[in-house]
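my questions are about this predicted structure, shown below with the sequence.
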Amino acid sequence: MRRSAGSVVGSLLLMLLALTVAGCAGSGRGGLNGKRAEVVSAALSQVGTPYHFGGSQPGKALDCSGLTLYAHHVAGIPIPRHSADQLRAAHPVKAKSLRPGDLVFFGSKGGVDHVGLMVDAERFVHASMSKRRVILSRLDTPYWRAHFAGAGTYLR
């Protein structure tokens, strides 16, 4: 049976989602449960969704803050629509203390123009303008380190 590339990618993403959430599901230190699990699962479910500036339609078109808004909405947590407002309203988190579900913000010249959601200690999910879709990226790359503007959370 021959499967389309989209079908294969979709299957791989579902497996990644299951492994990520299952691997972190313990309730011990650093575990992922409750609202954190809901937010991370919702965000990961959108990997592959096309990027569109101002997009807020899960599965069809999202921008970075539309993705984080959607993920929190699924968990019943209201947050502002725009990335700069999301940072201002969030509880501050130190970079060394990031947990799954926390938001990471990026920008240049003192401004914030991008947001992603941590899925584990090293990776975040975000709607990438350059890749034109929702993707996973590593926080420790030179580009993201150079543009890091802060972190915050709506999860306690």
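Yep, that arrived.

so what's residue 89 up against?
For residue 89, the contact set (Cβ atoms under 8 Å, 6 or more residues apart in numbering) comprises 79-80, 152, 154. Using the backbone N, CA and C atoms, a C-beta is placed for each residue, glycine as well.

equivalent analysis for residue 116, please.
64, 68, 103-104, 106, 124-126, 137.

in CSV, list the C-alpha atoms belonging to whichever strand or helix holds it.
Secondary-structure assignment from DSSP states H and E places residue 116 in strand 114-118. Output in CSV follows, covering the C-alpha atoms of strand 114-118 (Å, rounded to 0.1, in the frame of the first residue of the first chain):
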residue,chain,number,x,y,z
HIS,A,114,7.8,36.1,18.2
VAL,A,115,6.7,33.5,20.7
GLY,A,116,7.0,29.7,21.1
LEU,A,117,5.9,27.1,23.6
MET,A,118,8.4,24.8,25.3
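
that strand pairs with which strands, parallel or anti?
strand 103-106 (antiparallel), strand 123-128 (antiparallel) (DSSP bridges).

now render the ones you listed as JSON lines, adding distance to residue 115, mean neighbour count and mean pLDDT.
Output for the strands paired with strand 114-118, formatted as JSON lines (distance: least, Cβ to Cβ, whole Å; neighbours: other Cβ atoms under 10 Å; pLDDT from 0 to 100):
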{"stretch": "strand 103-106", "distance to residue 115": "5", "mean neighbour count": "25", "mean pLDDT": "98"}
{"stretch": "strand 123-128", "distance to residue 115": "7", "mean neighbour count": "23", "mean pLDDT": "98"}
